[in-house]
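Enquirer: Structure, please.
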Amino acid sequence: MRTVLGTLGVAGMALGVWRLLEVRDPLDVAVWLGGAVVLHDGIIVPVVLGIGLLVGGVRARGTVRGALIVAGSVTAVALPVLLRPGAAANPSVVPLNYLRNWLWMMALLGVFIAGATAVGWARARRR
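Expert: So this is what the prediction gives:
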């Protein structure tokens, strides 16, 4: 299994290098990569570490961390349409209210996590 995954990883890297050689303006790639590093190291890491410190003392920290992972993943997927609302360039895209749906998803996630935490506490109390 390790050999198969290693081979797939090397093939993926080779494809990335191949595609990188096709770039017409390397400055655009450098700006994008620099922006990704700044975004990751300047915003995402401090936020994650800060939330981790705040959640560290919570009794149901595993459940809360799981909820934060789901919320972060859903937000990362929804971010492009949340940041650029309006008419889609592609007419096949279904016009939805993405902000409203994202807020509903976060609310439902909160309700689900509150329920799961309450069930966990009730089970622990019964023991």
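
Enquirer: And the residue minimising distance to the centre of the chain, how close does it get to residue 3?
Expert: Central residue of the chain (CA atoms, centre = their mean): residue 73, 2.8 Å from the mean position. Residue 73 sits 30 Å away from residue 3, taking CB to CB, to the nearest Å as the criterion. To be clear about C-beta, it is placed using only N, CA and C from the backbone, and glycine gets the same treatment.

Enquirer: next one: the longest helix along the chain to chain centre, how far?
Expert: Secondary structure assigned by DSSP state H gives helix 98-126 as the longest helix of the chain. Centroid separation for helix 98-126 versus its chain: 18 Å, with CA atoms, centre = their mean, to the nearest Å.

Enquirer: Return the list of helices and strands in contact with it.
Expert: helix 61-83 (3 or more CB pairs under 8 Å, 6 or more residues apart in numbering; DSSP states H and E).

Enquirer: Would you mind putting the CA coordinates of the helix it packs on into PDB?
Expert: Taking Å, rounded to 0.1, in the frame of the first residue of the first chain, the C-alpha atoms of helix 61-83 are listed here in PDB:
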ATOM      1  CA  ARG A  61     -13.400  19.400  23.500                       C
ATOM      2  CA  GLY A  62     -13.400  16.400  21.000                       C
ATOM      3  CA  THR A  63     -16.900  17.200  19.900                       C
ATOM      4  CA  VAL A  64     -16.200  20.900  19.700                       C
ATOM      5  CA  ARG A  65     -13.000  20.300  17.700                       C
ATOM      6  CA  GLY A  66     -14.900  18.000  15.300                       C
ATOM      7  CA  ALA A  67     -17.500  20.700  14.800                       C
ATOM      8  CA  LEU A  68     -14.800  23.300  14.100                       C
ATOM      9  CA  ILE A  69     -13.200  21.000  11.500                       C
ATOM     10  CA  VAL A  70     -16.600  20.500   9.800                       C
ATOM     11  CA  ALA A  71     -17.400  24.300  10.000                       C
ATOM     12  CA  GLY A  72     -14.000  25.200   8.600                       C
ATOM     13  CA  SER A  73     -14.300  22.600   5.800                       C
ATOM     14  CA  VAL A  74     -17.700  23.800   4.800                       C
ATOM     15  CA  THR A  75     -16.600  27.400   4.900                       C
ATOM     16  CA  ALA A  76     -13.500  26.700   2.800                       C
ATOM     17  CA  VAL A  77     -15.700  25.100   0.100                       C
ATOM     18  CA  ALA A  78     -18.300  27.900   0.300                       C
ATOM     19  CA  LEU A  79     -15.800  30.800   0.500                       C
ATOM     20  CA  PRO A  80     -15.600  31.500  -3.300                       C
ATOM     21  CA  VAL A  81     -19.300  32.000  -3.600                       C
ATOM     22  CA  LEU A  82     -19.600  33.800  -0.300                       C
ATOM     23  CA  LEU A  83     -16.900  36.400  -1.300                       C
END
